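attaching a predicted model along with its sequence, questions to come.
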Amino acid sequence: MIFYFLQIYIFHDQRDTAFYLLQDLAFVPLQVIIVTILIDQIVKYKEQQDNFKKISVVIGAFFTETGVNAIRNLSVFNLNFHEISKNLSVGDSWTDKDYNNAVKEFRESNIIIDSKASDLKLLKKFIFSNRQNILTMFENKTLLEHNNFTDMLWSLYHIYDELNFRDNLYELEEEDFMHLSIDIKRCYQLMVVEWLNYMSHLKKEYPFLYSLAVRKNPFSNKALAENKLL
């Protein structure tokens, strides 16, 4: 306001000064709105970044404690495991483009799952031994916002429900085997994609952890040999 009085004192033009004053005041609400929107966007972006970091930690804990072994236990039912694994041998030289291509190729691949290919009782035992860890994940409200990962957890727990519902897993009807094959395939597809996304994130954000994760790759040459024996 002092500047406007100073302008009148120097140029002796009250009309123009009043005009520009009113013009500036007219834009004040618009400026307030713009600043408010910008601040709100900045705050939301920061919250999203914080939530993403929290989610990444939880997802990392899942694959370290349960997820990688879950993929191994599901892979024994995959009849074309060796063929699929060729495009999933992640390594230190992999880039974002490599991971994006791997996800795309995996989603488009013809995965053949047969629930009669291995021991369902062992799969049930594995999921039961990790049951508490899976249930704890569902209690994380931040994680529930990550729909794809939550869907994967539900699909894994659903397999346990299906297996636990049946008394004798060695004497099932063909219809039961077909149903279980569909459930295993659904979980397998979701979990491998989430694992690839996790590995991609790990390489960018935590390269010192990525090296160890590569050595634990459930689709490595060692995993191929182990799967062949099952």
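Ah, there it is.

which secondary structure elements does the helix or strand encompassing residue 203 sit against?
Using DSSP states H and E, residue 203 maps to helix 174-205. Applying 3 or more Cβ pairs under 8 Å, 6 or more residues apart in numbering; DSSP states H and E, one finds that helix 174-205 contacts helix 14-62, helix 68-75, helix 96-108, helix 147-165, helix 207-215. Yep, even glycine has a C-beta here, placed from its N, CA and C like the rest.

which pLDDT value belongs to the residue lying closest to residue 169 once chain neighbours are set aside?
Counting by Cβ to Cβ, 6 or more residues apart in numbering, residue 120 is the residue found nearest to residue 169 once chain neighbours are left out, at 4.4 Å. Per-residue confidence (pLDDT) for residue 120: 97.

can I assume residue 120 is in contact with residue 183?
No: counting by Cβ atoms under 8 Å, residue 120 sits too far from residue 183 to count as a contact (10.9 Å).

residue 189 - nearest residue in space that isn't next to it in sequence?
In space, residue 189 comes closest to residue 111 once its chain neighbours are excluded; the distance is 6.5 Å by Cβ to Cβ, 6+ apart.

can you pull the contacts of the closest residue to residue 188 other than its chain neighbours?
Once flanking residues are discounted, residue 188 sits nearest to residue 74: 4.6 Å by Cβ to Cβ, 6+ apart. Residue 74 sits next to 123, 184, 187-188, 191 when contact means Cβ atoms under 8 Å, 6 or more residues apart in numbering.

could you dump the residues you listed to CSV with neighbour count and pLDDT?
Shown next, in CSV, are these (neighbours: other Cβ atoms under 10 Å; pLDDT from 0 to 100):
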residue, neighbour count, pLDDT
123, 22, 97
184, 27, 98
187, 24, 98
188, 24, 98
191, 23, 97
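
mind putting those residues into TSV with distance to residue 107?
Shown next, in TSV, are the contacts of residue 74 (distance: Cβ to Cβ, whole Å):
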residue	distance to residue 107
123	23
184	17
187	15
188	12
191	13
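
out of these, flag the one nearest to residue 154.
Within those, the smallest distance to residue 154 is 9.0 Å, found for residue 187 (Cβ to Cβ).

test my guess that the closest one contacts residue 156.
Yes: contact criterion Cβ under 8 Å: residue 187 and residue 156 qualify, at 5.1 Å.

before we move on, the earlier item: the residue nearest to residue 169: neighbouring residues, count only.
The tally of other residues near residue 120 (other Cβ atoms under 10 Å) stands at 22.

can you tell me how far it is from residue 138?
To residue 138, residue 120 is 24 Å away according to Cβ to Cβ, to the nearest Å.

residue 165 now?
20 Å.

between these two, which one's more packed in?
For residue 165 and residue 138, the more surrounded residue by other Cβ under 10 Å is residue 138, and the numbers stand at 13 against 8.

next up, phi/psi of the more buried one, please.
Taking degrees, to the nearest 10, you get phi -70, psi -20 for the backbone angles of residue 138.

could you find the closest non-adjacent residue to it?
The shortest distance from residue 138 to any non-neighbouring residue, by Cβ to Cβ, 6+ apart, is to residue 153 (6.7 Å).

if we can go back for a sec, nearest to residue 60, of the contacts of residue 74?
For these, the minimum distance to residue 60 (Cβ to Cβ) is 14.4 Å, reached by residue 191.

wait, isn't that closest one in contact with residue 68?
No: counting by Cβ under 8 Å, residue 191 sits too far from residue 68 to count as a contact (9.7 Å).
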